[in-house]
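J.: okay, sequence plus prediction incoming.
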Number of protein chains: 2
Amino acid sequence: MPTSPAPATRRSSLRGRPAATTHAEIEQAAFRLFVTRGFEATTLDDIGEAIGVGRRTITRYYPSKNDIPWGQFDRTLDGFREILRSMPADLPLHEAVHRGVLAFNDFPTDASPSHRDRMRLILSTPALQAHSVLRYASWREVIAEYVAERTDGRPDDLLPQTIGQVSLALALTSYQAWLADEDASLPDLLDATMAHLRTYVSS
Amino acid sequence: MPTSPAPATRRSSLRGRPAATTHAEIEQAAFRLFVTRGFEATTLDDIGEAIGVGRRTITRYYPSKNDIPWGQFDRTLDGFREILRSMPADLPLHEAVHRGVLAFNDFPTDASPSHRDRMRLILSTPALQAHSVLRYASWREVIAEYVAERTDGRPDDLLPQTIGQVSLALALTSYQAWLADEDASLPDLLDATMAHLRTYVSS
DNA sequence: ACATTAATGACACTCAAGGTCAAAAAGATA
DNA sequence: TATCTTTTTGACCTTGAGTGTCATTAATGT
């Protein structure tokens, strides 16, 4: 479930007053405060003050406080689509999806904030856990679209929807375990949850 | 994912000022407003006015506006635990869990508001979709506990967590399809998603 | 210089959530 | 009957998120 670091915000035109901040600046300042004071205890005013910008400016860059920790998640979904599209068509469906999820979660380790820190914050803060379902829906939809294409169906058919939901279930379980164990490998955990599932349904 | 209608609130003592309302009264008045005006457009003041009670009283009965549509969900989880415990031990694990989920979702149809209306509201309102993850976590935990017991493990081991998440995934997919099709049978859909999963992982 | 453009900052408003405390309304007791 | 005790309510207040409005600022273009 990687998220891109927010890119330097490009001006829509060269005219006009220059932007006072960027998505990335807000995200990083906010993240520092979230980690030190806690998410709930950090107000939008705090974040604004940290980067010398008004609260109203923050809310123009991000639709809600809950959206800040996810950064520019939506952009990475296009990459996910690409990955799935490039899977060999002769691969069994579950194998293709599984490899797609693995590839999607194989990302550079130099992000800021680190992927692990980001996911720890998201998965351990109730308000963010809740808000994240809305992001997960788009992620599931990418899988559902791929499954629909491979099975000559529509994305909202029962099979694609099931696979989307189940794939998310496996990913979330793996992430949870990854965060709980400092030495764990995320790819190994994704393999493990999939293996557990296979023995479970065919025992 | 049935929820109990809120029971008539029992006074903790016979002394003291009598309660001006009940959980059930709030829930039903709120539900009417949610369905007619929409969830977001209904304020706590509106609900209070509808039953002749202050806004502050509403927030004493329910911890948040988001919690009202779920009613007394937590109570039904004890029933779920019971159901799973009573499953024959010689049944294959996935069979036992599946039958447990089926039994949990086989409930009387005379609830108010109806189970279908309630789930439609919850699953089609973004704020409620998000808030519901916190409820789902307890539901998953019931399954994880059962799986842990049957496999001589702990509830937070990888297998029980995986099965909990996957079972929720199947249930949610089934509910989504149930709401989309007026004539659909929820038990049939639960069977169908499970069947899809089995063919998926062993193809 | 002056017009144009685009973002910011100040201000106002609504609503959810939650803290505090006096008042209300019942039973219990003398 | 009058008073005490208990419990809930309702009024009031504060904080913070989210959103609309509009003048101001700071750049480019003419």
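T.: Cool, the structure landed. Numbers count the residues shown, from 1 in each chain, chains lettered A, B, ... in the order given.
J.: near DNA strand D, which residues of chain A show up?
T.: Counting by CB under 7 Å from any atom of the strand, the positions of chain A adjacent to DNA strand D are A:14-18, A:42-45, A:55-56, A:59, A:63-66. From N, CA and C alone the C-beta is placed, and that goes for glycine too.
J.: just the buried ones from those, in PyMOL syntax?
T.: In PyMOL, selecting the buried portion of the residues of chain A next to DNA strand D, with burial taken from 16 or more other CB atoms under 10 Å in any protein chain shown, looks like this:
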select buried, chain A and resi 42+44+65+66
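J.: residue numbers of chain A in contact with DNA strand C?
T.: Contact residues of chain A with respect to DNA strand C, defined by CB under 7 Å from any atom of the strand, are listed as A:11-13, A:15-21, A:52-54, A:56-57, A:60-61.
J.: one more time with 10 Å, if that's ok
T.: Residues of chain A lying near DNA strand C by CB under 10 Å from any atom of the strand: A:9-22, A:25-26, A:40, A:48, A:51-61.
J.: residue of chain A closest to DNA strand D, please.
T.: Ranked by CB to the nearest atom of the strand, the top residue of chain A for proximity to DNA strand D is residue A:64, at 3.0 Å.
J.: list phi and psi for that residue.
T.: Recorded main-chain torsions at residue A:64 are phi -160, psi 160, according to degrees, to the nearest 10.
J.: which residue ranges form the helices in chain A?
T.: Per DSSP state H, chain A has helices spanning A:23-37, A:44-51, A:55-61, A:73-85, A:93-104, A:115-124, A:126-150, A:158-180, A:186-201. These are given in chain order.
J.: show the pLDDT at the residue of chain A found nearest DNA strand C.
T.: Closest to DNA strand C within chain A is residue A:16: 1.8 Å, counting by CB to the nearest atom of the strand. At residue A:16, the predicted lDDT confidence score is 90.
J.: close to chain B, is the worst-scoring helix or strand of chain A on mean pLDDT?
T.: The helix or strand with the lowest mean pLDDT-type score in chain A, counting by mean pLDDT, DSSP states H and E, is helix A:73-85 (a mean of 90). No - when contact is scored as CB under 8 Å from any CB of the partner chain, no part of helix A:73-85 falls within range of chain B; the minimum is 15.2 Å.
J.: with stretch A:58-66 instead?
T.: No - for stretch A:58-66, no contact with chain B is found by CB under 8 Å from any CB; the gap never falls below 8.7 Å.
J.: next, count neighbours for residue A:188.
T.: With neighbours defined by other CB atoms under 10 Å in any protein chain shown, the count for residue A:188 comes to 12.
J.: repeat that for the one 4 residues further on.
T.: As a burial measure, the neighbour count of residue A:192 was computed by other CB under 10 Å and equals 19.
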